[in-house]
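**Q** sequence-free structure coming up:
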Ligand SMILES: [Zn+2]
């Protein structure tokens, strides 16, 4: 590996549009010949040959013999096409998912596969600077533990809860953490001496799925995540849709119960967040358990075995606790309506569900999908594919690492080069 890739002049080369086109072909196809890249892109053979040579000399791609049978090789005329392939561990990215009261850090390779990761819980009242200091320490620790060359780390992607200005790297407002105008990018760059990109954590999850997961090749992708809040991220035709003020995807504050709804932390009443988040569902389950002290639910919630309460209430529903099942269905009905509204506005090809919605997938998705299909305009709901995230609990860190991989290596998420 030639570390000069990371020097000023060479990193610019990687960021050229033509180079991005080749890297994206390699990412999507796995193995591809120069001729095939030429056929699929508008690049000339000479350009591809030059750029491929550059990538080979920098140790980013390798050339391999094509996998063909003996019979095929006998029939073939001339020298068989050699295939190009990315070397996944040629470079690395760091992903940081900042949730409410916990953060996860992961080191990934160029395929966004996790090499090493850690999870750290923190008190919600912890000042932002202290949390970021701790994140920087964990990143340094992971780089040391994995013994990877820091020169090979492309950069850090951060997916943060709340309103985030990607351009400025700023957490504009994260009410549940008490963060306001925290320049995550500047603070982490200064501490780590690595380039940093910051975005909303759900938007980062959408990026992860769009380029490295179930959403690859999907033209209009929506990711809907529920935990202590509900948010959405959109990737449309290979670009992240952030909105005019970085606020696209605040689906949690769409009003579902205009009359008599519960107060929401945003100041409104009856928002989706007051109906389908993890704390709301757990609270409802606790109330049911009190009313039905002999139920399976009450029994499960009382077992303090360290399993999160949400998993215990899902287990009770799966094992036939009818009251719990009905409660989940009536709450998730609202998620179905919210998804129908999303379908009417965005007309997505695919919706991926993450967080608590993926944890309770078997209980949640059938109800949410049925309501969505019944409620969406005309047949718009019929064609949309709805699946749980392909990354499970790793969706946040993989998404954050994907943000870094796209912006520092493959193709910027805002459509610029
Ligand atoms: Zn609200």
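**A** Perfect, I can see it now. Note that the structure is predicted; figures quoted are calculated from it, not measured. Residues are numbered from 1 along each chain as shown.
**Q** per-residue pLDDT, the residue nearest to residue 98 when sequence neighbours are not counted?
**A** Spatial nearest neighbour of residue 98, excluding adjacent residues (C-beta to C-beta, 6 or more residues apart in numbering): residue 160 at 4.4 Å. Yep, even glycine has a C-beta here, placed from its N, CA and C like the rest. Residue 160 is assigned 96 on the pLDDT scale.
**Q** ditto for residue 21
**A** Looking at residue 21, its pLDDT is 88.
**Q** quick one: stretch 252-262 near the ion?
**A** Yes - using C-beta under 5 Å from the ion, stretch 252-262 reaches the ion at residue 253.
**Q** from the chain's centre, how far out does that stretch sit?
**A** 27 Å (C-alpha atoms, centre = their mean, to the nearest Å).
**Q** Buried residues, that stretch. List them.
**A** Neighbour-count burial for stretch 252-262 flags 252-254, 256, 261 (criterion: 16 or more other C-beta atoms under 10 Å).
**Q** Just say helix, strand or coil for the closest residue to the ion within the stretch 1-150 of the chain.
**A** Nearest residue of the stretch 1-150 of the chain to the ion: residue 100, at 15.2 Å (C-beta to the ion). Assigned with DSSP: H, G, I helix; E, B strand; the rest coil, residue 100 falls in the coil class.
**Q** Around the ion, pick out the residues from the stretch 151-300 of the chain.
**A** Near the ion, the residues belonging to the stretch 151-300 of the chain are 253, 264, 266, 268, 271 when assessed by C-beta under 5 Å from the ion.
**Q** Those into JSON lines, with extra columns for distance to residue 295, secondary structure and pLDDT?
**A** Listed next are those as JSON lines, based on distance: C-beta to C-beta, whole Å; DSSP: H, G, I helix; E, B strand; the rest coil; pLDDT from 0 to 100:
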{"residue": "253", "distance to residue 295": "33", "secondary structure": "helix", "pLDDT": "95"}
{"residue": "264", "distance to residue 295": "30", "secondary structure": "coil", "pLDDT": "94"}
{"residue": "266", "distance to residue 295": "34", "secondary structure": "coil", "pLDDT": "89"}
{"residue": "268", "distance to residue 295": "34", "secondary structure": "coil", "pLDDT": "95"}
{"residue": "271", "distance to residue 295": "30", "secondary structure": "strand", "pLDDT": "97"}
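**Q** and those, which are buried?
**A** Buried, going by 16+ other C-beta under 10 Å: 253, 264, 271, out of those.
**Q** Tell me where the stretch 201-350 of the chain has strands.
**A** 220-226, 230-236, 239-241, 350-355 (DSSP state E, counting those that start in this stretch).
**Q** Buried deepest among these, which one?
**A** strand 220-226 (a mean of 28; mean count of other C-beta atoms under 10 Å).
**Q** just to revisit the earlier point, which residues touch the residue of the stretch 1-150 of the chain closest to the ion?
**A** 124, 161, 176-177, 227-229 (C-beta atoms under 8 Å, 6 or more residues apart in numbering).
**Q** is it true that residue 205 touches residue 395?
**A** Yes - Residue 205 lies in contact with residue 395 (C-beta atoms under 8 Å); the separation is 4.6 Å.
**Q** Which segments of the chain make up each domain?
**A** The chain resolves into domains spanning 3-89, 92-211+395-408, 219-389 when parsed by automatic domain parsing.
**Q** How about the residue in the stretch 301-417 of the chain that the ion sits nearest to: what's its closest non-neighbour residue?
**A** Here the residue of the stretch 301-417 of the chain nearest the ion is residue 338; by C-beta to the ion that distance is 12.1 Å. Of all residues not flanking residue 338 in the chain, residue 272 sits nearest, at 5.0 Å (C-beta to C-beta, 6+ apart).
**Q** Tell me the pLDDT of that neighbour.
**A** 98.
**Q** Might one say that it is in contact with residue 252?
**A** Yes - with contact defined as C-beta under 8 Å, residue 272 reaches residue 252; the gap is 5.2 Å.
**Q** joint contacts of those two?
**A** Common neighbours of residue 272 and residue 252 (C-beta under 8 Å, 6+ apart) are residue 230.
**Q** Who are the contact partners of residue 129?
**A** Contacts for residue 129 were tallied using C-beta under 8 Å, 6+ apart; they are residue 187.
**Q** how much space is there between it and residue 123?
**A** 14 Å (C-beta to C-beta, to the nearest Å).
**Q** now the lengthiest helix in the chain and strand 350-355, what's the angle there?
**A** The single longest helix within the chain, with elements called by DSSP state H, is helix 322-346. Helix 322-346 runs at 140 degrees relative to strand 350-355, counting by axes from the mean of the first three to the mean of the last three C-alpha atoms, to 10 degrees.
**Q** can you pull the buried residues of helix 322-346?
**A** 323-325, 327-329, 331-343, 346.
**Q** And for stretch 310-318?
**A** Buried-residue list, stretch 310-318, by 16+ other C-beta under 10 Å: 310, 312-317.
**Q** Any chance you could list what contacts stretch 405-416?
**A** Against stretch 405-416 from outside (C-beta under 8 Å, 6+ apart): 14, 20, 23-24, 27, 91, 93, 108, 110, 112, 154-155, 157, 166-167, 195, 197, 199, 207, 211-212, 235, 238-240, 242, 403.
**Q** Just the buried ones out of those, please.
**A** By neighbour count, with 16+ other C-beta under 10 Å, the contacts of stretch 405-416 hold 14, 20, 23-24, 27, 91, 93, 108, 110, 112, 154-155, 157, 166, 195, 197, 199, 207, 211-212, 235, 238, 240, 242, 403 as buried.
**Q** Which of these fall within strands?
**A** 93, 108, 154-155, 157, 197, 199, 235, 240 (DSSP state E).
**Q** Just the closest of these to the ion, please.
**A** residue 199 (21.1 Å).
**Q** Alright, calling it a day.
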